[in-house]
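Enquirer: what's the 3D shape of this:
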Amino acid sequence: MSWACTESDNHQELWKRVQNEDIKEAQTLLKDCIDTCSLFKKEFEDHANIARKELPDDGKSWDINPADIFIRLNTFVERCKDLNEFLCVLISFEKLQPGRIVFSGSKGLELTEHLNRVYNQFSQAARDFMENEYDIVDIDADEFDSDFFAFRVKIRQLERTLAAMLIDSYQDNATILGRFDLLDAFKDILQRPLVKDELEKKQTTLLQEYRKELLEVQALFDHEHKNPHLDVNKPPLAGSLQWCKGLIDRVQLIQRNIERHTGEEKTSDLALEIQTLHKSVLTTLQDFMDARCAHWKTEVKANSQSKLDLPLLTRCTDTRKLAVNFDPSIVRTLMEVRYQHLLHLDVPDYAQVIYEQNEKFREFNGKLELVKSMYNEMITTLHVVEYPLIADEVKNIDALLEDGIKTINWNSTDARGFIDKNLKKTKEIYDRVTLMHDNFKNICDMLDKYAMVPQLERKAKPVIAQAQADMLRNISKDSDKGRHLDLDRKQFLFNALLRKTASAMQVDKKSEVWNRYLLYVEEHILKYLAKNVIVSVQHLLDQFDSGKLSRGEIMPLLLIKLELDEKDVAFSAKFETKDTVERDVWANVINWANSFYEIGLIMKRFSDGSNFQKDLINNTTQ
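Expert: Below you'll find the predicted structure:
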């Protein structure tokens with residue numbers, strides 16, 4: 001009757017749920033059976049009581065011992081409880097499946113492998129019990145008692161093994177947190193009586209280690225609280241509060257684990273001593289945090305508001321450089337309040353008022369830093385001939401900045417307008433100066449690249465002097481790729497860049513200040529032209545380096561003939577020009593070197609249109 005009320009046909013329905021990993025549903029099924037039986041017995045007892053009151057024989061006809069009536073029902077209930085115990089064992093041991101728990105410590109690998117063997121033995125025992133052919137809910141099946149007893153014996157053996165393993169791993173773990181992790185990993189198994197009894201013996205050890213941990217925290221606080229280790233990105237108060245809160249969390253984490261894993265030991269003398277020590281340590285740490293917060297609040301109240309009344313900018317009297325006058329104490333206050341919000345601490349109203357302007361201060365600081373950087377870069381990088389081109393504009397900026405240096409502060413209502421106006425004006429002038437510097441740099445970069453390539457090229461093998469002279473002429477004067485044509489094209493580009501500079505500077509091209517700037521540019525052009533001549537001459541001389549020639553690093557440059565004339569024998573490097581025939585080797589080389597100065601004829605001055613050749617010769621001979 002009881003099993004039928006569960007809407008199941010036989011014991012296979014129970015095992016089907018177990019095999020589908022619906023163990024909780026199987027337990028519900030058993031609980032429904034037990035509840036139904038209990039309800040039936042209660043209904044019988046209620047009707048018996050009614051009969052005793054209403055029957056004429058005072059209910060003597062119902063005077064029956066329930067134990068005699070419900071023998072089979074009580075046996076069925078006990079059978080259901082045994083099956084529920086089996087399911088509880090399944091739930092506990094299923095958590096030990098391979099891969100779900102890994103032991104740590106020096107014995108971790110050995111214990112993990114042993115745990116896998118324990119699980120395999122349990123699985124085999126469970127399968128053997130479940131594969132019996134009789135109906136497990138049939139109370140007439142006497143085989144159940146012996147089979148279930150054998151299963152219980154096997155489980156006790158495995159529990160003893162697990163208890164020994166846990167004790168071994170417990171002792172192998174060096175830290176109290178590691179031991180808590182071990183206990184948490186086996187929390188279901190720890191409810192098994194044999195395992196629980198063994199582990200309870202270690203509760204005193206846990207308390208002793210907790211006491212040691214509390215003393216370590218106390219010693220660490222005493223040693224470092226005057227100068228705690230702070231993160232580099234944390235302000236002083238927030239850093240010290242975070243450090244102290246870390247100690248509190250460390251203590252409370254262990255305390256929570258202690259409360260979960262210690263039972264009767266909570267009332268021992270050691271436990272009471274630890275409770276007192278715990279309260280003392282937490283009180284010390286909390287008092288430290290409260291004192292730090294109180295000191296900071298006093299400091300903020302006394303100084304922060306007055307710092308906001310300082311001018312926005314300051315200027316160095318010696319260098320005339322600008323600096324943003326945002327006091328570091330305000331920065332600290334903003335950071336402290338931010339972190340106190342993250343720590344869920346109370347913030348005083350006067351500090352909160354400042355923090356509510358955080359975005360405004362961030363915007364003001366960012367814009368003023370731009371103004372400062374651009375202004376300081378201009379006044380420090382402008383050359384003596386460049387400054388007059390922009391001097392009037394710099395004076396205008398100085399006049400605009402004067403209010404921010406003297407009167408306008410961080411609380412001023414017109415601070416935003418002042419900052420935006422100066423940022424716009426400073427950026428405008430800075431962009432013009434940057435264009436001038438970029439154009440000048442482009443001129444220098446192009447000339448420097450040109451200067452590093454020698455005007456002389458040679459064949460891999462020696463050639464006659466006439467062939468080398470023709471090659472030199474082609475390299476310099478080729479109508480398509482000649483070096484002189486390349487320099488002439490650069491002259492055109494330089495003119496365009498200087499026109500852009502003059503336009504950006506809004507300068508009169510006939511003025512004296514512009515003429516001085518052109519002379520400054522021409523000095524640099526002359527320097528790079530001279531550099532090209534030096535590079536070319538050095539390359540030519542390298543072709544006659546006796547050391548390189550003897551080591552075979554280079555081939556001879558020229559083929560020299562040995563000629564016999566009427567009176568003597570002489571070497572000849574014949575080279576014909578329109579007017580003469582030159583046979584002297586060094587005379588030819590000197591002629592080639594002199595031809596390098598022809599680049600001074602190609603490049604013209606921007607100031608008066610003259611060439612650079614005379615100055616180039618003087619420059620390279622100095």
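
Enquirer: CA only for contacts and neighbour counts going forward, please
Expert: Will do.

Enquirer: Next, the contact list for Leu312, please.
Expert: 324-326, 404-405, 408-410 (CA atoms under 8 Å, 6 or more residues apart in numbering).

Enquirer: Poorly predicted segments of the stretch 401-550 of the chain, please.
Expert: 460, 462-482 (pLDDT under 70).

Enquirer: What segments of it are helices?
Expert: 415-451, 465-477, 483-505, 512-542, 546-551 (DSSP state H, counting those that start in this stretch).

Enquirer: And the ones you listed: which comes nearest Ser607?
Expert: helix 512-542 (6.0 Å; CA to CA).

Enquirer: pLDDT of the longest helix belonging to the chain, averaged?
Expert: Counting residues, the longest helix found in the chain (DSSP state H) is helix 269-307. For helix 269-307, mean pLDDT is 86.

Enquirer: And that helix, what's buried?
Expert: For helix 269-307, a neighbour-count test (16 or more other CA atoms under 10 Å) marks 271, 274, 277-278, 281-282, 285-286, 288-289, 292-293, 296-297, 300, 304-305, 307 as buried.

Enquirer: same deal with stretch 79-93?
Expert: 79-81, 83-84, 86-93.

Enquirer: what helix or strand is the most centrally placed residue in the chain on?
Expert: In the chain, the centroid-proximal residue (CA atoms, centre = their mean) is Asn233; its distance is 13.3 Å. Asn233 belongs to no helix or strand when assigned by DSSP states H and E.

Enquirer: pLDDT wise, what is it at?
Expert: On pLDDT, Asn233 comes in at 78.

Enquirer: for the helix or strand following the longest helix of the chain, what is the average pLDDT?
Expert: Downstream of helix 269-307, the next assigned helix or strand under DSSP H and E is strand 313-315. For strand 313-315, mean pLDDT is 94.

Enquirer: Does Ser106 belong to a helix, a strand or coil?
Expert: coil (DSSP: H, G, I helix; E, B strand; the rest coil).

Enquirer: Report how many residues lie close to it.
Expert: A total of 11 residues lie near Ser106 under the criterion other CA atoms under 10 Å.

Enquirer: residues contacting the nearest residue to Asp309 once chain neighbours are set aside?
Expert: Among residues not flanking Asp309 along the chain, Asn409 sits closest, at 5.4 Å (CA to CA, 6 or more residues apart in numbering). By CA under 8 Å, 6+ apart, the contact set of Asn409 is 308-312, 415.

Enquirer: hmm, back to that, and Lys614, which of the helices of the stretch 401-550 of the chain is closest to it?
Expert: helix 512-542 (10.6 Å).

Enquirer: Name the residues of the closest one that are buried.
Expert: 513-519, 521-522, 525-537, 539-540.

Enquirer: Also stretch 40-47?
Expert: Result for stretch 40-47 [16+ other CA under 10 Å]: buried residues Lys41.

Enquirer: Asn439 contacts Ala504, correct?
Expert: No. Using CA atoms under 8 Å, Asn439 is not in contact with Ala504; the gap is 11.0 Å.

Enquirer: what's the angle from the strand or helix carrying Val589 to helix 512-542?
Expert: Following DSSP H and E, the helix or strand that holds Val589 is helix 585-595. For helix 585-595 against helix 512-542, the angle by axes from the mean of the first three to the mean of the last three CA atoms, to 10 degrees is 160 degrees.

Enquirer: buried sites along helix 585-595?
Expert: Applying 16+ other CA under 10 Å to helix 585-595 flags 585, 588-589, 592-593 as buried.
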